[in-house]
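1. A predicted structure for the sequence below; I have some questions about it.
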Amino acid sequence: MKIFRRELALRATSPGDPGDRRWLYVPYDQLSCALGPLAREAPQELGIVLIEAPQKAARRPYHRQKLALVLANQRQFALEQAARGVAVRYIVSPGNYVDALTPLAAECGALRMMEAAERELRVELAPLVAAGAVEVLPHEGWLSTRADFVDAVGVRPPWRMDTFYRRLRVRSGLLMDADGKPEGGKFSFDAENRRAWPGTPAAPEPPRFTPDAITAEVGALIESRFARHPGVLDLSALPATAQDAERQWQWAMSECLRHFGPFEDAMSTRSSGLFHTRISALLNLHRLLPARVVADVAESALPLASREGFVRQVLGWREFVRHVHVETDGFRQSQGATVTVAERIGDGGYSRWRKEPWSAESDAPGGARPSALDASEPVPAAFWGTSSGLHCLDTVVADVWREGYGHHITRLMVLANFGALLGLDPRELTDWFWVAYADAYDWVVEPNVLGMGTFATGDMMTTKPYVSGAAYIDRMSDYCDECAFEPGKTCPVTRLYWAFLARNTATLARNPRTAGPVSNATKRSEPERLEDQRVLAVVRDGLARGQRLSPESLRKGSIPR
């Protein structure tokens, strides 16, 4: 940290007596001076505490790009605030956040902080809050309150995003006409945003950034101290400064969003993001503010379908999943029933893949383990980059480990789809998503994977499992073009789909959204049902062994060793 410490000292103003300033603890994902006391109080009267906790970074085998993104942005934020005249205490803690904050609270008096977004951090800091060492203020980065959520969908599940989203649109006035009706006559244009991408218009190339000495120093730290962590570290793809975040947003507005709506659900080998903005990680760090980006888009001259699709993701889904996570205490409470919790923090299958244990530097328990469909298969090595022979899966996994990124349809309809069809353990798959994606935090990844991707929470927050056979992947992507399997003939995905319906008939037959497909599954002939089960067994076995599937091995029913 020599370069960073030197630069921080050059920008620092003398704090004087610590009691002369009001001190704030700023968590790693609240890196904005446009929120909370930093937005309203004089910089010369404020001090902030920022903490690097290597123990937190080593808690899970996080993608190297995620670690670099968080640490580089936090260090750059420290320098930006020091340049404004804010006193900065930048602590590298040998222990956890409580270890770092306890002596500072004793020295500087009670620290204020906006409420932590992550449940994990709220739980860790609870003793300090109870002791009066930390005063919690409302988190001003959110676009809705608990009252908004409860007024829209009630205190008990099932909860539905559409109802919540409509209520927020009306309350906020975003994309609403003067007569109180939604712009364009309807609240959602989702049905119109489902075109496959034919290759034109050209997908924009994401911006590249020139790492300064601060970011380069973070990169060196990742390569040395966190060498065991998976994923590619690419500092030139990493927005670290406030100016970088602004450049990323301007690129998104000018290059992506015009075509975002129609191709929102499309997937391609030629672009991992197509016309998606790639700002989710910056939103979750609050380097870009949700209120600002939805206002920019709503007030722009972009096509309505693109504007509405973007607003629905940020104002609708992002806010909705946060509320669901809080209301269920991270899915530990489900309609009054207590859900099993993992004994330890999960590594998403890293230990099996590397054939070496991952020792989390924390004795905290793991996450909730709901499993409405009784899924329990381990996450296979294919999710860690071992070739499966299934081009769609291998392409998306390679994109993730190269970039720490993938848009929401590749996450839902490829990765989570395989997870559901194969019956992967929802908790372990959630932990995999948590470590693999740069934008993953408990409040967003657990609802997305446990709630939506695997249907592990049943109909609590979604109406049905989001699963498909090969036809959907073939229709919405070009993945099948280069695959050894043919979607209408030899591809196993459709048989995995029928096998999924067969083993979950008792649960899904009661669901109006899935009763039709389940009824169709029961009408399949006995030979077809047996073949579905055989293919499922062969695919599970092959992936569990880390072996590459082929049409021949699938046909013969054995995987070559």
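-> Right, received. Where do you want to start?
2. Low-confidence ranges, the chain, go.
-> Applying pLDDT under 70 to the chain flags residues 14-19, 335-338, 558-561.
3. report the longest helix in it, please.
-> The single longest helix within the chain, with elements called by DSSP state H, is helix 64-84.
4. Need the CA coordinates for that helix. CSV is fine.
-> Included here for helix 64-84 are C-alpha records, laid out as CSV according to Å, rounded to 0.1, in the frame of the first residue of the first chain:
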residue,chain,number,x,y,z
ARG,A,64,-10.0,-11.9,-8.6
GLN,A,65,-11.7,-9.2,-10.6
LYS,A,66,-14.3,-8.7,-7.9
LEU,A,67,-11.6,-8.3,-5.2
ALA,A,68,-9.8,-5.8,-7.4
LEU,A,69,-13.0,-3.9,-8.2
VAL,A,70,-13.9,-3.4,-4.5
LEU,A,71,-10.4,-2.6,-3.2
ALA,A,72,-9.5,-0.3,-6.1
ASN,A,73,-12.8,1.7,-5.8
GLN,A,74,-12.5,1.9,-2.0
ARG,A,75,-8.9,3.3,-2.2
GLN,A,76,-9.8,5.7,-5.0
PHE,A,77,-12.8,6.9,-3.0
ALA,A,78,-10.6,7.5,0.0
LEU,A,79,-8.4,9.7,-2.1
GLU,A,80,-11.4,11.5,-3.6
GLN,A,81,-12.8,12.3,-0.2
ALA,A,82,-9.4,13.4,1.2
ALA,A,83,-9.1,15.8,-1.7
ARG,A,84,-12.5,17.3,-0.7
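5. what helices or strands is it leaning on?
-> Secondary-structure packing of helix 64-84 (3 or more C-beta pairs under 8 Å, 6 or more residues apart in numbering; DSSP states H and E): helix 2-11, strand 46-52, strand 87-92, helix 213-225, helix 242-251, helix 280-285. Bear in mind the C-beta positions are built from the backbone N, C-alpha and C, glycine included.
6. Pull up the gap between residue 80 and residue 74, please.
-> In this structure, residue 80 and residue 74 are 11 Å apart, going by C-beta to C-beta, to the nearest Å.
7. Which of those two has more residues huddled nearby?
-> residue 74 (22 against 17; other C-beta atoms under 10 Å).
8. Confirm for me that that one is in contact with residue 31.
-> Yes. At 6.3 Å, residue 74 and residue 31 qualify as touching, with contact defined as C-beta atoms under 8 Å.
9. Of all residues in the protein, which one is nearest the centre?
-> Most central in the chain under C-alpha atoms, centre = their mean is residue 440, positioned 3.4 Å from the mean C-alpha point.
10. Next up, phi/psi of that residue, please.
-> When quoted as degrees, to the nearest 10, the phi and psi of residue 440 stand at phi -90, psi 120.
11. From residue 285, how far out is it?
-> 12 Å.
12. Tell me the span between the first and last residue of stretch 147-167.
-> 11 Å (C-alpha to C-alpha, to the nearest Å).
13. ok, residues contacting that stretch?
-> If you take C-beta atoms under 8 Å, 6 or more residues apart in numbering as the criterion, stretch 147-167 is touched by 168, 171, 187-188, 312, 315-317, 319-320, 323-324, 327, 334-335, 459-461, 463.
14. about what we covered before: between residue 74 and residue 31, which contacts overlap?
-> Between them, residue 74 and residue 31 share no contacting residue under C-beta under 8 Å, 6+ apart.
15. residues contacting the residue lying closest to residue 92 once chain neighbours are set aside?
-> Among residues not flanking residue 92 along the chain, residue 52 sits closest, at 4.7 Å (C-beta to C-beta, 6 or more residues apart in numbering). Applying C-beta under 8 Å, 6+ apart to residue 52 gives the contacts 71, 74, 90-93.
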